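> What follows is a predicted protein model with its sequence.
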Amino acid sequence: MSELDELRPCLFRWTAIHPDAYPSRTPGSVDDWGPEVGSVAYAAPDALVLIDPLVPADRAGLQRELDGLVRGHSRPVHLLTTLKWHRRSRDELVERYGASTSRAKKTLPEGVETVVIEGAGETMVWLPGPRALIPGDRLLGDDAGGLRLCPDSWLRYLPSGMRQAELREALRRLLDLPVELVLVAHGEPVLAGGREAIARALAA
């Protein structure tokens, strides 16, 4: 059984247990997230892109498959993080693969775009080819097949003073994208009807 789920041609997702996850979840609190977190790999024409990757030391099989993906694609590795809390295995993988980490638009691989959510401390990744949006912490799986906004408690550290009402407005620009998949870091991903799922989350 593969450690990597191929969701679309060239688009992969995997989950791993986060070492800092809370043993229990209190809805609406800072610990309102499960232990498994999602990471994404995308074989762009000119790079193998890893987004918010977490590769625990005890997941040798996952590391081997990821190594094989890098070798098989035979392109440079470009590592992107959506927000500062998601650096996860960033340093280890940068060293392992000699990866680039720049989010500057002129350095992004072909077919990879970023969406800065102003005031939210987050830069989402947009892949127009597979129509996949990769958020960090601002959109979460709702455990019912859809999406939800992160709780206010996740926003308290932001200098902008943003709360859910302001976040909802900041995320409305996502409705301009023809999103099919929303590959969340926390919770189950949305694999069809992504734009509609975002719209429902914003209307809730």
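Great, that's in hand.
> what sits against the residue nearest the centre of the chain?
By C-alpha atoms, centre = their mean, the mean C-alpha position of the chain lies nearest to I134, the distance being 4.1 Å. Residues in contact with I134 (C-beta atoms under 8 Å, 6 or more residues apart in numbering) are V40, I51, D52, T82, M124, V125, W126, L127, L183. Every C-beta, even on glycine, is put in place using the N, C-alpha and C of the backbone.
> could you redo the last one with a cut-off of 6 Å?
Applying C-beta atoms under 6 Å, 6 or more residues apart in numbering to I134 gives the contacts V40, I51, V125, L183.
> Sort out for me which of the residues you listed are in strands.
V40, I51, V125 (DSSP state E).
> Bridged to the closest residue to the second one other than its chain neighbours, which residues?
Spatial nearest neighbour of I51, chain neighbours left out: V40 (4.2 Å); criterion: C-beta to C-beta, 6 or more residues apart in numbering. With DSSP bridges applied, the residues forming beta bridges to V40 are R13, I51.
> where's V40 relative to L191, distance?
According to C-beta to C-beta, to the nearest Å, V40 stands 13 Å off from L191.
> try M124
17 Å.
> So for these two, which residue has more residues nearby?
M124 (24 against 17; other C-beta atoms under 10 Å).
> if I pick the more buried one, what's in contact with it?
Taking C-beta under 6 Å, 6+ apart as the test, what M124 contacts is T82, V115, P135.
> In the chain, which helix is the longest?
helix 60-73 (DSSP state H).
> Give the buried residues for it.
Buried residues in helix 60-73, counting neighbours by 16 or more other C-beta atoms under 10 Å, are found at L62, Q63, E65, L66, L69, V70, H73.
> Check stretch 133-143 too.
By 16+ other C-beta under 10 Å, the buried positions in stretch 133-143 come out as L133, I134, P135, G136, D137, R138, L139, L140, G141, D142.
> tell me the contacts of the third one?
What that stands for is P135. Counted by C-beta under 6 Å, 6+ apart, P135 has contacts M124.
> bridging residues for the residue nearest to the centre of the chain?
Assigned bridge partners for I134, using DSSP bridges, are V125.
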